[in-house]
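**Student:** With the input below, show me the fold.
(chains A, B, C and D)
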Number of protein chains: 2
Amino acid sequence: MTAITWQSVQAEALRRIRSREWPPGGQIPHEADLAEELGCARATVNRALRDLAEAGLLERRRKAGTRVPLNPVRKATLDIPIIRQDVEGRGQAYGYRLILRDTTLPPPEIRSLLKLKPKQTLIHILALHLAEAMPFCLEDRWVNPDAVPEFADADLSAISANEWLVQNAAFSAGDFAFGASAATAEAATHLNCPSGAPLFTVERTTWAAALPITAVCLSYAPGYKMRAEI
Amino acid sequence: MTAITWQSVQAEALRRIRSREWPPGGQIPHEADLAEELGCARATVNRALRDLAEAGLLERRRKAGTRVPLNPVRKATLDIPIIRQDVEGRGQAYGYRLILRDTTLPPPEIRSLLKLKPKQTLIHILALHLAEAMPFCLEDRWVNPDAVPEFADADLSAISANEWLVQNAAFSAGDFAFGASAATAEAATHLNCPSGAPLFTVERTTWAAALPITAVCLSYAPGYKMRAEI
DNA sequence: GGCGCTATTATGTGCATACATATTAATCCT
DNA sequence: AGGATTAATATGTATGCACATAATAGCGCC
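**Tutor:** Numbers count the residues shown, from 1 in each chain, chains lettered A, B, ... in the order given. Model (predicted):
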């Protein structure tokens, strides 16, 4: 007899969902019944079904029970490593070049993105990440010195702003927007690609509670793909 | 006295990570100690820390204990709705137009992506998704009729292949690649944008166990952004 | 009939305990 | 020493129980 684990219960539940034994839109037996049927404790069933619900494969509501959603909104998990690790994870040599470091008034779109007061100045960083000495990603970053005062003294020739902030700035929340944009003349120069080339871009803002820490736009060299699994 | 929940334990752990009370690279007290200190059961601490480890904020290993990673690989969760829900979730009217439906030999890159035998034919779908009657996303899809025989009879004028497959095909795994590409002449026609415009693209393959179900490339109209939170 | 209260019910969570498992540290043997 | 065996230990998981909480369904009242 093989032992019953929450994973085996989950696998069985998955099988029933996929085989349509539990049809889309339909209610499934409740935890206590399943526990009895499968010969395990309700907590074990709970763990299995809770995980499936988190992945979007089941919908659970108190009293209403558990059902298979008609249109499952699947959840994919994205790993967000620092760029150096992204490059090294591809088996390539990482390089890094600081292009610009300045303290100025940000453009209006950055100001509104970070919900800043009109005259707040930010530190502006432009840096190029390299893979095997080839341009990999252009980092255009604005950092709020009020949120991370030590950043002003950081030595960004040795370590990228990306890495410094991950290691030194405590943050609580952030959001991402992935998109495509045409390479500006400046970006094309740095990324060594034609002006107007389609670039995969990641825009990211980071917050410590209500305090904006940083807004960054990463433009990846043509051909870059970001991968995720379901 | 406020009750202790696994969420409150998790919040306290997060606070200690962020305040560097538990410094990066450092070991944290083990579960039993934390449970005693916080006045709860070890299972409660376990639940709290396990969730943090899943989010990439802690590293746990049996016997070795739990530590705060030096370079946390944060995990972001992406919702992958069907395209109709994506459009409707933006408060826009959804529309859909089937452009092409054919059964042919796939190009070599699709064949190798899906690990097909040389002479295997696939169903080829080209469809346009609309938001407020404007082009939203171009869907270029190849479906393996061996994996979903009923697909051949599906009425794709009423429901998109995207939606039909989500509702009717059991699948177990899949992967995504996000990137940017220049609009081909044909894509530009359908998406009503200049040829060569930068398009955000999602490539996706789907599998039922070892059987390939479908490979799809979604090209979104210029300006589209996919959002995620951390 | 329609509104609001209440009882019921399925999931959510906490706890104490026991044992499993992975991994390290210690020890023993050669 | 050095390699293999063994003990120790932190996390992982199963269980039975209790109670919390949300949401529905049913009832009574007007």
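**Student:** show me the contacts for the closest residue to DNA strand C within chain A.
**Tutor:** Residue of chain A nearest DNA strand C, by C-beta to the nearest atom of the strand: residue A:30 (3.0 Å). C-betas here are computed from N, CA, C, even on glycine. Residues counted as contacts of residue A:30 (C-beta atoms under 8 Å, 6 or more residues apart in numbering or on different chains) are A:65, A:66.
**Student:** Distance of it relative to residue A:67?
**Tutor:** Here the criterion is C-beta to C-beta, to the nearest Å. By it, residue A:30 lies 11 Å from residue A:67.
**Student:** Next: residue A:216.
**Tutor:** 41 Å.
**Student:** Would you report the backbone torsion angles of residue A:184?
**Tutor:** Here is the backbone geometry of residue A:184 (degrees, to the nearest 10): phi -70, psi 170.
**Student:** pretty sure it contacts residue A:195?
**Tutor:** Yes: using C-beta atoms under 8 Å, residue A:184 makes contact with residue A:195 at a distance of 7.2 Å.
**Student:** When those two are compared, which one has more neighbours?
**Tutor:** Using other C-beta atoms under 10 Å in any protein chain shown, the more surrounded residue of residue A:184 and residue A:195 is residue A:184, with 15 against 12.
**Student:** what residues are up against the more buried one?
**Tutor:** By C-beta under 8 Å, 6+ apart, the residues touching residue A:184 are residue A:195.
**Student:** ditto for residue A:223
**Tutor:** residue B:179.
**Student:** Just the pLDDT for the residue of chain A closest to DNA strand C.
**Tutor:** The score at residue A:30 is 95. That number is its pLDDT.
**Student:** now the one helix or strand in chain A whose mean pLDDT sits lowest, how far from the chain's geometric center?
**Tutor:** Counting by mean pLDDT, DSSP states H and E, chain A has its least confident helix or strand at strand A:74-80, which shows a mean of 87. Chain-centre distance of strand A:74-80: 7 Å, with C-alpha atoms, centre = their mean, to the nearest Å.
**Student:** Stretch A:188-199 now?
**Tutor:** Worked out by C-alpha atoms, centre = their mean, stretch A:188-199 lies 25 Å from the chain centre.
**Student:** That one - what's its average pLDDT?
**Tutor:** 97.
**Student:** swap in stretch A:56-64?
**Tutor:** 94.
**Student:** Ends of it, what's the gap?
**Tutor:** Stretch A:56-64 has an end-to-end distance of 17 Å (criterion: C-alpha to C-alpha, to the nearest Å).
**Student:** Stretch A:34-44 now?
**Tutor:** Start-to-end span of stretch A:34-44 (C-alpha to C-alpha) is 10 Å.
**Student:** if you look at that stretch, does any of it touch DNA strand C?
**Tutor:** Yes: for stretch A:34-44, a contact with DNA strand C is found by C-beta under 7 Å from any atom of the strand, at A:42, A:43.
**Student:** Could you see whether chain B lies near that stretch?
**Tutor:** No: contact of stretch A:34-44 with chain B (C-beta under 8 Å from any C-beta of the partner chain) is absent, the minimum separation being 9.6 Å.
**Student:** quick check, distance from that stretch to the centre of its chain.
**Tutor:** Distance of stretch A:34-44 from its chain centroid, counting by C-alpha atoms, centre = their mean, is 35 Å.
**Student:** do stretch A:61-73 as well
**Tutor:** For stretch A:61-73, the gap between its own C-alpha mean and the chain's C-alpha mean amounts to 26 Å (C-alpha atoms, centre = their mean).
**Student:** now swap in stretch A:37-46 and tell me
**Tutor:** Here stretch A:37-46 is found 34 Å from its chain centre; the criterion is C-alpha atoms, centre = their mean.
**Student:** So which residues make contact with it?
**Tutor:** Stretch A:37-46 has contacts (C-beta under 8 Å, 6+ apart) with A:4, A:5, A:6, A:9, A:12, A:29, A:31, A:32, A:34, A:35.
**Student:** Give the buried residues for it.
**Tutor:** The neighbour-count check on stretch A:37-46 (16 or more other C-beta atoms under 10 Å in any protein chain shown) flags A:38, A:40, A:44, A:45, A:46 as buried.
**Student:** Pick the one among those residues closest to residue A:25.
**Tutor:** residue A:45 (21.1 Å; C-beta to C-beta).
**Student:** Need the phi and psi values for the residue in chain A that DNA strand D sits nearest to.
**Tutor:** Here the residue of chain A nearest DNA strand D is residue A:5; by C-beta to the nearest atom of the strand that distance is 2.6 Å. The phi/psi pair for residue A:5 (degrees, to the nearest 10) reads phi -120, psi 170.
**Student:** Excluding residues flanking it in the chain, which one is nearest it?
**Tutor:** Distances taken as C-beta to C-beta, 6 or more residues apart in numbering or on different chains put residue A:44 closest to residue A:5, at 7.5 Å, once the chain neighbours are dropped.
**Student:** Would you mind listing what in chain A touches DNA strand C?
**Tutor:** Looking at DNA strand C, the residues of chain A close enough under C-beta under 7 Å from any atom of the strand are A:28, A:30-32, A:42-43, A:46, A:49-50, A:53, A:60-66.
**Student:** In PyMOL, select just the buried ones from the residues you listed.
**Tutor:** Here is the PyMOL selection string for the buried members of the residues of chain A next to DNA strand C, based on 16+ other C-beta under 10 Å:
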select buried, chain A and resi 28+31+46+49+50+60+66
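**Student:** filter the residues of chain A next to DNA strand C down to the ones near DNA strand D?
**Tutor:** Near DNA strand D, judged by C-beta under 7 Å from any atom of the strand, the entries from these are A:42, A:43, A:61, A:62, A:63, A:64.
**Student:** So for the second one, what pLDDT did the model give?
**Tutor:** It stands for residue A:43. Note on residue A:43: pLDDT of 97.
**Student:** Quick check: which element contains it?
**Tutor:** helix A:42-54 (DSSP states H and E).
**Student:** Redo the contacts of stretch A:37-46 as a markdown table? Include secondary structure.
**Tutor:** Shown next, in a markdown table, are the contacts of stretch A:37-46 (DSSP: H, G, I helix; E, B strand; the rest coil):
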| residue | secondary structure |
| --- | --- |
| A:4 | coil |
| A:5 | coil |
| A:6 | helix |
| A:9 | helix |
| A:12 | helix |
| A:29 | coil |
| A:31 | helix |
| A:32 | helix |
| A:34 | helix |
| A:35 | helix |
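**Student:** nearest to residue A:110, of the residues you listed?
**Tutor:** For the contacts of stretch A:37-46, the minimum distance to residue A:110 (C-beta to C-beta) is 45.9 Å, reached by residue A:6.
**Student:** Would you agree the closest one is in contact with residue A:48?
**Tutor:** Yes: with contact defined as C-beta under 8 Å, residue A:6 reaches residue A:48; the gap is 4.6 Å.
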